[in-house]
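In: Need coordinates for the below:
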Amino acid sequence: MQQNLQAQAAPARPAGPLAAGKRDAVGEPVARFFSAAQLAALHRLCELLMPPMNGNPGAIEAGVPEFLDFLVGQAPAERQQMYKGGLDMLNTRSTAKFGKAFAALDATQADAIIRPLFVLNPWQ
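Out: Presented below is the predicted three-dimensional model:
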């Protein structure tokens, strides 16, 4: 009788490895916090700062902009304003210098916007 109870309590296990589903089966993340212009700037910034390397995914492939949209959307108001202000500043400086939004800049133009920020406020 004890064997029967153990057999009934044991959970069923899959016969083989679980099949990995396609990303589309899970669904695409939906941006809800940043404006379209801010999210586009964040996408471009992620592309530039963490591109794919040595066969590893970069920030875009890992969904970093969408995750930050979710995470910052849940953060305190002060942190939200810091992110929004920073992305707006990238767009403002890009428009003033090149006549287009940060997301539309090529790598050389984007570097001209980003590099002074590291010199003024290094991340050390």
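
In: Which residues does stretch 101-118 contact?
Out: 37, 40-41, 43-45, 48, 87, 90-91, 93-95, 97-98 (C-beta atoms under 8 Å, 6 or more residues apart in numbering). In this view, the C-beta of every residue, glycine as well, is placed from N, C-alpha and C.

In: can you check stretch 37-45 too?
Out: 31, 34, 60, 65, 68-69, 84, 87-88, 90-91, 101-103, 105, 110, 114.

In: Counting neighbours, what do you get for residue 109?
Out: 15 (other C-beta atoms under 10 Å).

In: Repeat that for the one 5 residues further on.
Out: A count of neighbours around residue 114, defined by other C-beta under 10 Å, yields 16.

In: How is it assigned, secondary-structure-wise?
Out: helix (DSSP: H, G, I helix; E, B strand; the rest coil).

In: quick one: low-confidence ranges for the chain?
Out: 1-31, 120-124 (pLDDT under 70).

In: which ones are touching the residue nearest to the spatial centre of it?
Out: Per C-alpha atoms, centre = their mean, the C-alpha nearest to the average position across the chain is that of residue 64, at 1.5 Å. By C-beta under 8 Å, 6+ apart, the contact set of residue 64 is 46, 50.

In: Recalculate using a threshold of 6 Å.
Out: residue 46 (C-beta atoms under 6 Å, 6 or more residues apart in numbering).
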